[in-house]
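[1] Please find the sequence and the predicted model below.
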Amino acid sequence: MYSYEIRDFDPKDREAFEKLNTEWITKYFCIEPNDRKAFEDPEKNIIGKGGRIFYLYWDNEVLGTVSLVKADAHLYELSKMAVSAKLQGRGAGNLLMQHAIKEARKMGIRKLFLIGNRKLEASIHLYRKYGFCEVPSETHTYERGDIKMELDLP
C-alpha cells in the first residue's frame, strides 16, 4: 500500500522541482529561458511574487510537483506540473490538480490559465477533465506552447 502527501515547497527538495520538470520537458522539447528562471530561484521567481509550489510525496519521495504562478491579483498560471515517469498512470496528476485547484480557491484566485502543447495528449485530457477550456491566445509564455486553457474558479 502506497501513501502520499502533498506539501508546500520546501527548500530542501528544491532540486526535485527542477529534476521532475526537466525530465518531461527534455523528453519532448528544450529547456527555455522561462524554465531556467523558475529553476534558478523558485523562492524568488514564484513564491516571492505571491505564487505557490506544491510537492507530491509518494512513500516519502518527491515524485510530483505543480505551481501556481501569480499573473495578477485574481489570475494565476498553473505551471511546472510534473510527475515522475515511475508514477505516471497511477493518478498522481489528478492528486496534484485537485490540490492546486483547492488551494487556488482558498487563495481567492478567480481564474487559472495554463500554456500547454497538444502533442501531450494525456496532460490536455487531464486539464479538460478538470474544466479547463481552450481560449484564443496570440502569445505564449513558452515557445513550446501551442494551446492556452483557462478555468474559472467560482
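    Sure, I can see it.
[2] Show me the strands in the chain, by range?
    Ranges of strands within the chain are 4-8, 52-58, 61-72, 75-83, 111-116, 133-135, 147-152, based on DSSP state E.
[3] Looking at those, which one is packed in the most?
    Greatest average neighbour count among these goes to strand 75-83 (a mean of 22), per mean count of other CB atoms under 10 Å. The way it works is simple: take the backbone N, C-alpha and C, and place the C-beta from them, glycine included.
[4] That strand - which strands sit beside it in the sheet, and in what orientation?
    strand 61-72 (antiparallel), strand 111-116 (parallel) (DSSP bridges).
[5] what sits up against it?
    Strand 75-83 is contacted by residues 17, 20-21, 23-24, 38, 51, 53, 56, 63-71, 92-93, 96-97, 100, 104, 107, 109-115, 123, 141, 151 when judged by CB atoms under 8 Å, 6 or more residues apart in numbering.
[6] Need the CA coordinates for that strand. PDB is fine.
    Output of strand 75-83 as PDB, limited to C-alpha atoms (Å, rounded to 0.1, in the frame of the first residue of the first chain):
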ATOM      1  CA  LEU A  75      -5.300  35.300 -12.200                       C
ATOM      2  CA  TYR A  76      -2.600  32.700 -11.800                       C
ATOM      3  CA  GLU A  77      -0.900  30.300 -14.100                       C
ATOM      4  CA  LEU A  78      -1.000  26.600 -13.400                       C
ATOM      5  CA  SER A  79       2.600  25.800 -14.300                       C
ATOM      6  CA  LYS A  80       5.500  23.400 -13.800                       C
ATOM      7  CA  MET A  81       3.300  20.400 -13.300                       C
ATOM      8  CA  ALA A  82       5.300  17.200 -13.500                       C
ATOM      9  CA  VAL A  83       5.100  13.600 -12.300                       C
END
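[7] returning to that earlier point: what would the strands paired with strand 75-83 look like in CSV with mean pLDDT?
    Output for the strands paired with strand 75-83, formatted as CSV (pLDDT from 0 to 100):
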stretch, mean pLDDT
strand 61-72, 96
strand 111-116, 97
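[8] between those strands, which gets nearest to Tyr28?
    Taking CB to CB, strand 111-116 is the member of the strands paired with strand 75-83 nearest to Tyr28, at 11.3 Å.
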